[in-house]
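S.K.: Take this sequence and fold it.
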Amino acid sequence: MQTFLNWVLYLHISAGFTALVVGLIPMFSKKGGKTHVTWGKVYFWAMFVVAVTALLRFKLQLNLIFLACIAIFSFYNTFTGMRIIRMKKQLKPAWIDWFGAILGEICGIIMLYFSFYAYQENNVFFIVLFLVFGVVMLLFATEDLRVFTGKKVIDNDVPTPARYWFQNHISRMGGSYIATVTAFLVVNNPPFIPGLVAWIAPGVIGGMIIGRVRKKYRGQA
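M.R.: Below is the predicted model:
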């Protein structure tokens, strides 16, 4: 069993490293071009492997719980980012979209539970960590369900449904990569980066970049 878990760990690390490297290619390539689409698919499957292997290594240890939760969070963003762009012409969610959104809601609640679990363990770092990612996960999944049910179709600053999908593709894929970078920094914990900075900085910096990219492509679909 331990040998199997060791191989799962090696696969997890390999897939995570692949996602970190490959994820940059679609970001800096022409949107919608062959390079963007091809390497975007490679990134998607790398993130899928990261999520599966993280779940296989799940144990009631805060660091491994975090790995599993952040992997699910990252893949949810990757999955919805891919699905969103395919629905940009009109809203026709398939059963897998509904399943993903509902599962996202459940995972968000589970993350909040583990925030309470970390509280019982007197671990302030993981209390905040699970709380933040749990709330964001719930917000994303709830937004998707509202869109699927017709309660929300477009953002106030995005005048057409097509642009809504395009803008949110950028946000979700960017959010996925931010979560991946966050996991890498937190798990490896470089001595020159304080723990709190390691998990906050990627989100702050990445969020600013995503905002600028959304602004750049606003008005395009």
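
S.K.: send the alpha carbons of the host helix or strand of N6 over as CSV?
M.R.: According to DSSP states H and E, N6 maps onto helix 2-22. Output in CSV follows, covering the C-alpha atoms of helix 2-22 (Å, rounded to 0.1, in the frame of the first residue of the first chain):
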residue,chain,number,x,y,z
GLN,A,2,2.8,2.4,0.9
THR,A,3,4.5,1.7,-2.5
PHE,A,4,1.2,2.6,-4.2
LEU,A,5,0.9,5.8,-2.2
ASN,A,6,4.5,6.7,-3.1
TRP,A,7,3.8,6.3,-6.8
VAL,A,8,0.7,8.4,-6.4
LEU,A,9,2.8,11.1,-4.8
TYR,A,10,5.3,11.0,-7.6
LEU,A,11,2.5,11.3,-10.1
HIS,A,12,0.9,14.1,-8.2
ILE,A,13,4.2,16.1,-8.1
SER,A,14,4.8,15.5,-11.8
ALA,A,15,1.3,16.6,-12.8
GLY,A,16,1.5,19.6,-10.5
PHE,A,17,4.9,20.7,-12.0
THR,A,18,3.5,20.1,-15.5
ALA,A,19,0.5,22.3,-14.7
LEU,A,20,2.7,25.1,-13.3
VAL,A,21,4.9,25.2,-16.4
VAL,A,22,2.3,24.4,-19.1
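
S.K.: How far off centre is it?
M.R.: Computed by Cα atoms, centre = their mean, to the nearest Å, the chain-centroid distance of helix 2-22 equals 18 Å.

S.K.: ditto for stretch 134-141
M.R.: The answer for stretch 134-141 is 10 Å, by Cα atoms, centre = their mean.

S.K.: and if you look at stretch 49-60?
M.R.: On Cα atoms, centre = their mean, the centre of stretch 49-60 falls 15 Å from that of its chain.

S.K.: Then stretch 65-80?
M.R.: For stretch 65-80, the distance to the chain centre is 5 Å (Cα atoms, centre = their mean).

S.K.: Repeat that for stretch 29-41.
M.R.: 19 Å.

S.K.: quick revisit: what's the next secondary structure element after the helix holding N6?
M.R.: helix 24-28.
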